[in-house]
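Engineer: Have a look at this prediction, sequence included:
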Amino acid sequence: PIDNNSYFYPSASLAFVFTDAFKIESEWLSFGKLRASWGQVGNGTTPYQLDFNYFPISTANGQYGLNLNFPFNGALAYSASNSIPPTNLIPEQQTSYEFGLEARFLNNRIGIDFAYFNNKNENQIVAVPIPQSTGFATRVQNVGRVDQIGFEIALDATPVRTKNFRWNTQINFSTVESEVISLGKDLERFTVSSVFNSVQVVAVPGKPFQLSGFDYLREETTGRPIIDPTTGRRIAGEVINFGSVLPDWTGGFVNTFNYKNFTLSATVDVNWGGVLKSSTVENLQTGGLVKETVNGREGTFIDTEGVLVDADGVVSENNVPLLNAQDFWTSLDDGSVATPWVYDASYVKLREVSLFYNLPSNIFKNTFIRSASLGIEGRNLALLYSKVPHIDPEASLQGSGANGFGIERANSPSTRSVGFNIRLTF
């Protein structure tokens, strides 16, 4: 709106190098700095949302064979918006502050960088789902507040340094606690993203972004799924929250070795915590396409994880057979149950390895080239740890960002790349 189409984004920062200020000259403390910053950032939204608009289209496609091109018989075509235009929309606003310490020790052999930060995100502009009986699917509006508090630590050390050999190691660790503080008026729950089978990433006040989906009906004492005594299948239950889709912490470990003209470097990435629902694994298992579905294909198949509960509430071990192993695997997602395919999203990856050789500088003594190096490097080389079978746990249906975590469906396999490089400096 015209009255709200501008925003002010001030910022300020301060740094204090206390080793210079206090004239500290020490073998163990080489450098020390304190820093602080504060800032506010505004953000608008995509254009053409304030009015109810019709947009020209050139094709119309349907699931069951509709395929038209426009103009059709001389007639143009337009698509109507399925969202109610916003009223009194205001810019999004992020207010953040950070405190940090940077220090180096033992003639710069060891370094540490610590940062604490606090971000407050308010008035986020989103399309809130509304009953489609209104004739629309969403309403664009400002929604609530999400806070992020966390810290980062980076360590840098050179354990070994000789005339011909040098070993440098870097370790970084970061953790962010994200919490939905409030939503819009009369809004108790907001769907951040959703896919098939009723799996959703939702925002609920007082919690980080949650993965929501159907669970099995469970026996109260043991928590084991209840079996239908007539079919041997598990019984679908109610919608539950499986946990936060965001990682508890992330980290990295980089080692670089220099020997004469050779440089070898390796990087390991860690993403720890959070949950992920994989529809790819679901399709593989219910289709009998992976090795774990081989067991029990011959003879009687009984779901031993489940229990029977009679009309009097008496619990007993399940002894009702399914038709076969195929019946078991295909029954797991009865009622759009998500539980069997919700995994711990933690992983450890060998992200990158490279080896370079720096050509002797005297080779280029009488040329315009100052230096050159030859090297080979590989990325995404190995998945060292993961509890998600058959797929890359880093995969995401919605892409990067908070709404991209937690859901995977039919993603293309991640690629491993190896390349050869020639680097020239003029």
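Structural biologist: Yep, that arrived.

Engineer: Skipping adjacent residues, who's closest to F55 in space?
Structural biologist: Leaving aside its sequence neighbours, F55 sits nearest to S79 (C-beta to C-beta, 6 or more residues apart in numbering; 5.0 Å). Bear in mind the C-beta positions are built from the backbone N, C-alpha and C, glycine included.

Engineer: hang on, isn't the one you found packed against T59?
Structural biologist: No - look at S79 against T59 with C-beta atoms under 8 Å: they stay out of range, at 10.6 Å.

Engineer: Partner strands of whatever helix or strand G32 lives in and their direction?
Structural biologist: Assigned by DSSP states H and E, G32 belongs to strand 29-43. The strands beside strand 29-43 in its sheet (DSSP bridges) come out as strand 11-17 (antiparallel), strand 92-105 (antiparallel).

Engineer: Contacts for the first one, please.
Structural biologist: Defining contact as C-beta atoms under 8 Å, 6 or more residues apart in numbering, one finds that strand 11-17 is touched by F31, G32, K33, L34, R35, A36, S37, W38, G39, Q40.

Engineer: pLDDT (mean, whole number) over it?
Structural biologist: Computed over strand 11-17, the mean pLDDT rounds to 97.

Engineer: Helix or strand next in line after it, which one?
Structural biologist: helix 18-21.

Engineer: Who are the packing partners of that next one?
Structural biologist: On a contact count with 3 or more C-beta pairs under 8 Å, 6 or more residues apart in numbering; DSSP states H and E, helix 18-21 meets strand 29-43.

Engineer: what comes up buried for the strand it packs on?
Structural biologist: S30, G32, K33, R35, S37, V41 (16 or more other C-beta atoms under 10 Å).

Engineer: Okay, now the unreliable bits of this structure?
Structural biologist: Applying pLDDT under 70 to the chain picks out residues 1, 63-65, 196-197, 398-404.

Engineer: Contact partners for the most far-flung residue of it relative to its centre?
Structural biologist: Distance from the C-alpha centroid of the chain, by C-alpha atoms, centre = their mean, peaks at N366 (51.4 Å). Counting by C-beta under 8 Å, 6+ apart, N366 touches no other residue.

Engineer: how many neighbours does the residue nearest to F55 have?
Structural biologist: A count of nearby residues for S79, using other C-beta atoms under 10 Å, gives 11.

Engineer: Whichever strand in the chain runs longest: what's the following helix or strand?
Structural biologist: Counting by DSSP state E, the longest strand found in the chain is strand 138-161. Sequence order places strand 165-182 as the next helix or strand after strand 138-161, per DSSP H and E.

Engineer: quick one on the thing from earlier: what packs against the longest strand of the chain?
Structural biologist: Partner elements for strand 138-161 (3+ C-beta pairs under 8 Å, 6+ apart): strand 83-84, strand 110-129, strand 165-182.

Engineer: and N142, which of these is closest to it?
Structural biologist: Closest of the helices and strands packed on strand 138-161 to N142 is strand 110-129, at 4.2 Å (criterion: C-beta to C-beta).

Engineer: now the closest one and strand 165-182, what's the angle there?
Structural biologist: 30 degrees (axes from the mean of the first three to the mean of the last three C-alpha atoms, to 10 degrees).

Engineer: Okay, angle between strand 110-129 and strand 138-161 too, please.
Structural biologist: Here strand 110-129 points in a direction 170 degrees away from that of strand 138-161 (the same axes, to 10 degrees).

Engineer: List the pairing partners of strand 110-129 within its sheet, with orientation.
Structural biologist: Strand 110-129 has these strand partners (DSSP bridges): strand 92-105 (antiparallel), strand 138-161 (antiparallel).

Engineer: re earlier: ok, and what's touching the strand holding G32?
Structural biologist: Contacts for strand 29-43 (C-beta under 8 Å, 6+ apart): 7-19, 24, 91-108, 125.

Engineer: T263 bridge partners, please.
Structural biologist: With DSSP bridges as the rule, T263 is bridged to N258, F356.

Engineer: I'm done for today, thanks for sticking with me.
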